[in-house]
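Asker: next come a sequence and a model predicted from it.
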Amino acid sequence: MKSQSSQKPMDEREKLRRFRELDDAFAEALRSLDNPNKAAEIPTGPPVRSIDSLEEEEQRRKEEDFERRLQGLIQEYAQTPESVRELVATLQSMGRIA
């Protein structure tokens, strides 16, 4: 037994409506090509980040990690921030750290 299609054939008004929608979309695309100053609304992926911004982000992450570890050590050894600053200044004056 042949199965019958459940879709009704499109009437002329529906065909005309769809044609007008397609025609309008095509006309809009042509207008956007004629006006290059208008920003195209083309969906794109996430913005591409430069190597510099990636390096800056990595540096910032390293500094945050260092700060977190330093704070942990300060608490673990019950040191004051002033004593740590003095230690860092001493090490810098000896050329041990930059």
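Answerer: That came through, no problem.

Asker: longest helix of the protein?
Answerer: Longest helix in the chain, counting residues (DSSP state H): helix 51-76.

Asker: what is it packed up against?
Answerer: Here helix 51-76 touches helix 81-93, going by 3 or more C-beta pairs under 8 Å, 6 or more residues apart in numbering; DSSP states H and E. Quick note: C-beta positions are derived from backbone N, CA and C, even for glycine.

Asker: against which helices or strands is the helix it packs on packed?
Answerer: Helix 81-93 packs on helix 51-76, going by 3+ C-beta pairs under 8 Å, 6+ apart.

Asker: what angle do the helix it packs on and helix 81-93 make?
Answerer: 120 degrees (axes from the mean of the first three to the mean of the last three C-alpha atoms, to 10 degrees).

Asker: so, low pLDDT: which residues of the protein?
Answerer: 1-8, 36-44 (pLDDT under 70).

Asker: and the residue nearest the centre of it?
Answerer: Centrality entry for the chain: nearest residue to the mean C-alpha point is P46, 4.7 Å, by C-alpha atoms, centre = their mean.

Asker: which SS state does it fall under?
Answerer: coil (DSSP: H, G, I helix; E, B strand; the rest coil).

Asker: what are the phi and psi values at it?
Answerer: phi -60, psi 150 (degrees, to the nearest 10).

Asker: show the contacting residues for it.
Answerer: Contacts for P46 (C-beta atoms under 8 Å, 6 or more residues apart in numbering) come out as none.

Asker: what does L73 give?
Answerer: Contacts of L73 by C-beta under 8 Å, 6+ apart are Q79.

Asker: cool, thanks, signing off.
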